Structures are given as structure tokens and as C-alpha cells.
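> Pasting the sequence and the predicted model now:
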Amino acid sequence: MPKVKNIIISGGGTGGHLIPAFAIADALKIIEDLNIRFIGSANGIETKLFKKRSEKSYLLDFYGLKRSIDIKSIYHNLFIFPLKFLKSIIKVLKIYRNFKPDIVVGTGGYSSAIPLLVAFFKGIKIVIQEQNSIPGLVNRFFIKKANKACFGFKPNMNNNKNIIVTGNPTIIKNNIIDKSESRGFIKAENMFTIFILGGSQGSVPLNNHFLINYKKYLSMGIQIIWQCGDKNLNQIQNRVKED
């Protein structure tokens, strides 16, 4: 079998898809000297986070299909989607022609769909990494087409021989601090602290709950560290200031 040197890692849109992509890249580079490229979406959080990485990266101006039924969604699905799909296909073909990947890894999200699709038709090996027991739309489509499907949890399917449970990849950090030091950093040495973690985009149910009830928690002497999602930050900050 030829030695693997060039790897494309595609996925993003949210931190749930993007952070595993970064973790996979970091782990691969520790194991061996590899050439790694990222492909993501021009509409996801990778537009900011790719800039912090040393690997070369590409952004596709591509949205998934709209699932609501209204005039804007119908127009998008009939006219905008096909055009952006074709443009993204052409861009990925150019990337593959120049980079010549040996393997394409998909971590989910619509931005991984085209890199995986092009890899499949070009006969390039495919590996997908699914963070959940129930795969998302893109990964569900490619499970049977992939050479390996790596799941973070035992999946709710067992009829695919290419599925393996690997656990979810995590970012490797050299500067791990202990519990007492971290509590000092967040000024929580003597306070009961709640960390609200709603994912990279925030969680609507969690945000709504704490908007209504955060004063009750504060009155009980509880410190709140609230990760609400970038798009919700100004709205929630303004609401808290008004209160």
C-alpha cells in the first residue's frame, strides 16, 4: 500500500464538527510528518478559526438545502443552491488536482459534503468521524461509502462492517492546569459555580432558562459562567444590563 502523505480534513459550520477536525490534524502530525489541508464553509465559525492554524485551508461558499417551505427557501433550493454547489465542486476539483490527497476525512456538516463526494467519485479513500451516536445528514449519507466510519459513541446501527467506535478526538494541550489553579482563574475559590455550555452556537433552551432564572441563582450565591454563543452575546448582554 502506498505511503499516505497528503490528507484533506473537511468539516465545520459549528464547533462540534470543527474542533474534532483540528484534534485529528494535531494527532496525525504527532504520529507522522504529513501534509494536511482543511476545507470548510465560508459561512461557519472556521472563517475565524482557520486563521489560527498553520495548515493551508480553503473555504467553500456553500449552504445546505433549506428545509422550511416558503418562497425564500424554494428560491434558494431551486436557483442559489445548484449554482453554489457547482462552483464548490469546481473549486474542490482544483484543490485535489493540485494537492493530490491520499485520504479525505469528513467530520460532518454540509461543508464536508462536497469534498467527500468528489473524493468518492475520484476513488480517493474516505474516512468519516461522527461525534454522536445518531449521525448527521452528511455523515449518514457517506457511512456506507466510506472506507472507515469512526464514531465517538456506539452507534444505533450495527449492520456496517466499516464502523468502528474510537471515541471523540480532543484537542491536545501541553499547558494543562489543575483544579485549584483553574478555580482561581475564574475567581471561584469559595463560590459554587455553574458553567453553562451550549456549544459553539449556544443553546436556545439553556439561554432562555437562564435569562428567566439567572437572578435566582445569583441570589443563592451562585456564580454563573455563561457560554451563550457568539450570535446571542449582544442580545443577552443587553438584556442583563437592562435588568
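Yep, that arrived. Numbering: from 1, shown residues only.

> residue ranges with poor pLDDT in this protein?
1-2, 158-159, 174, 188 (pLDDT under 70).

> separation between the residue most central in space within it and N213?
The chain has H17 as the residue nearest its centroid, 1.7 Å off, counting by Cα atoms, centre = their mean. Relative to N213, H17 is positioned 31 Å away (Cβ to Cβ, to the nearest Å). From N, CA and C alone the C-beta is placed, and that goes for glycine too.

> List the residues that contact the nearest residue to K145 once chain neighbours are set aside.
Excluding the flanking residues, the one nearest K145 by Cβ to Cβ, 6 or more residues apart in numbering is F120, at 5.3 Å. By Cβ atoms under 8 Å, 6 or more residues apart in numbering, the contact list for F120 reads 126, 142, 145.

> Sitting in strands, which of these do you find?
Among the contacts of F120, the ones falling in strands (DSSP state E) are I126.

> Would you state the helices of the chain in chain order?
15-31, 46-49, 71-75, 81-99, 113-122, 137-142, 179-185, 204-219, 233-242 (DSSP state H).

> Which one of the ones you listed lies nearest to E55?
Ranking these by their distance to E55 (criterion: Cβ to Cβ) puts helix 15-31 first, at 6.4 Å.

> So which elements touch the closest one?
Counting contacts by 3 or more Cβ pairs under 8 Å, 6 or more residues apart in numbering; DSSP states H and E, helix 15-31 packs against strand 6-10, strand 35-41, helix 46-49.

> can the ones you listed go into TSV with extra columns for mean neighbour count?
Putting the helices and strands packed on helix 15-31 into TSV (neighbours: other Cβ atoms under 10 Å) gives the following:
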stretch	mean neighbour count
strand 6-10	25
strand 35-41	24
helix 46-49	17
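
> Quick one: the ones you listed as CSV, columns for distance to I103 too.
Below are these laid out as CSV (distance: least, Cβ to Cβ, whole Å):
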stretch, distance to I103
strand 6-10, 5
strand 35-41, 10
helix 46-49, 20
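
> Of these, which is nearest F153?
It is, among these and with distance given as Cβ to Cβ, strand 6-10, at 20.7 Å.

> what's next to the closest one, contact-wise?
21, 24-25, 28, 34-40, 95-96, 99-107, 111-112, 115-116, 119.

> likewise stretch 65-78?
Residues contacting stretch 65-78 (Cβ under 8 Å, 6+ apart): 63, 81.

> from the middle of its chain, how far away would it be?
24 Å (Cα atoms, centre = their mean, to the nearest Å).
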